[in-house]
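In: here is a sequence together with a model predicted from it:
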Amino acid sequence: MGLFLPTYFPPISQFSEIARFNEITFEIEDNFQKQSYRNRCYIYGANGQQMLNIPIQKNNGVEKQKTKDTMVDNSVKWQDQHFKSLKASYNCSPFFEFFEDDLHRIYNKKYRFLNDLNFDAFLFLTDALQLEIRTKKTTEYQHHNIENDFRFLANVKQKTLKKHSPYIQVFSDKYGFLPNLSMLDLLFMEGPNAISYL
């Protein structure tokens, strides 16, 4: 069993580790960290790497806020912007059209809590790749020295555990291969074959 943080359409490095397990635990009792994959992902845009960032509500002067209590700021039209960015980037990819309707449902749903969105993103990916992974959630913070602890992969600045082989990307003829983008990039380019890549 692996221990992971829920992330927004996770990077390939994180999901390749998730895919190794039949059962994983999501850490939901940690403190929210800025500049993490909890509320951002990276895609391949027309100008290279593009960040999609979910705005988070201010925590009313509370110094530390648990990730499970972190709320999405829906006063910003971030969902429209993210979906339009994905469509602009991947409309010509081999598999975007195949997954577009399911993805659109996520971007039409109003989320109050960030974790609810991240769990839906996880379910979207496991369904698309036909993976059966049982999930549990922590009830208290899991301290260090835990076997199969992959929480560090939610850190944007964390180096990946392994080098990923290049695959064809939408704008790779312009900018070359961009490693460790969101799993959406791999899914839209490779479709169900993405699981073999992982």
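Out: Noted; the coordinates are in hand.

In: got the buried residues for the longest helix belonging to the chain?
Out: The longest helix of the chain (DSSP state H) is helix 114-128. Neighbour counts using 16 or more other Cβ atoms under 10 Å place 114-115, 117-119, 121-122, 124-126, 128 of helix 114-128 among the buried residues. No exception for glycine: its C-beta is placed from N, CA and C like everyone else's.

In: what segments of the chain are strands?
Out: Using DSSP state E, the strands found in the chain span residues 2-4, 23-26, 40-45, 48-53, 134-137.

In: outside of the first one, which residues touch it?
Out: With contact meaning Cβ atoms under 8 Å, 6 or more residues apart in numbering, strand 2-4 is reached by 14, 17-18, 20-21, 24-27, 138, 142, 146, 148-151, 153-154.

In: quick one: residues contacting residue 128.
Out: Counting by Cβ under 8 Å, 6+ apart, residue 128 has contacts 99, 102, 187, 192.

In: scratch that, residue 81 is what I was asking about
Out: Residue 81 neighbours (Cβ under 8 Å, 6+ apart): residue 52.

In: let's see 10 Å
Out: Counting by Cβ atoms under 10 Å, 6 or more residues apart in numbering, residue 81 touches 52-53, 107.

In: swap in residue 59?
Out: 32, 65-66, 69-71.

In: for residue 40, see how far away residue 156 is.
Out: 7 Å (Cβ to Cβ, to the nearest Å).

In: endpoint to endpoint, stretch 145-160 covers what distance?
Out: 20 Å (Cα to Cα, to the nearest Å).

In: what's next to it, contact-wise?
Out: 1-8, 10-18, 20-21, 24-27, 30, 33-38, 40, 42, 51, 67, 142-144, 161, 179-180.

In: the nearest residue to residue 14 once chain neighbours are set aside: neighbour count?
Out: For residue 14, ignoring the flanking residues on the chain, the nearest one in space by Cβ to Cβ, 6 or more residues apart in numbering is residue 153 at 4.1 Å. By other Cβ atoms under 10 Å, 24 other residues sit near residue 153.

In: also residue 151?
Out: 18.

In: neighbour-wise, which of the contacts of residue 81 leads?
Out: Counting neighbours by other Cβ under 10 Å, the top entry in the contacts of residue 81 is residue 52, with 21 neighbours.

In: check contacts around that residue.
Out: Here residue 52 is in contact with 8-9, 39-43, 45, 78, 81-83, 85-86, 89, 182, 184 (Cβ under 10 Å, 6+ apart).
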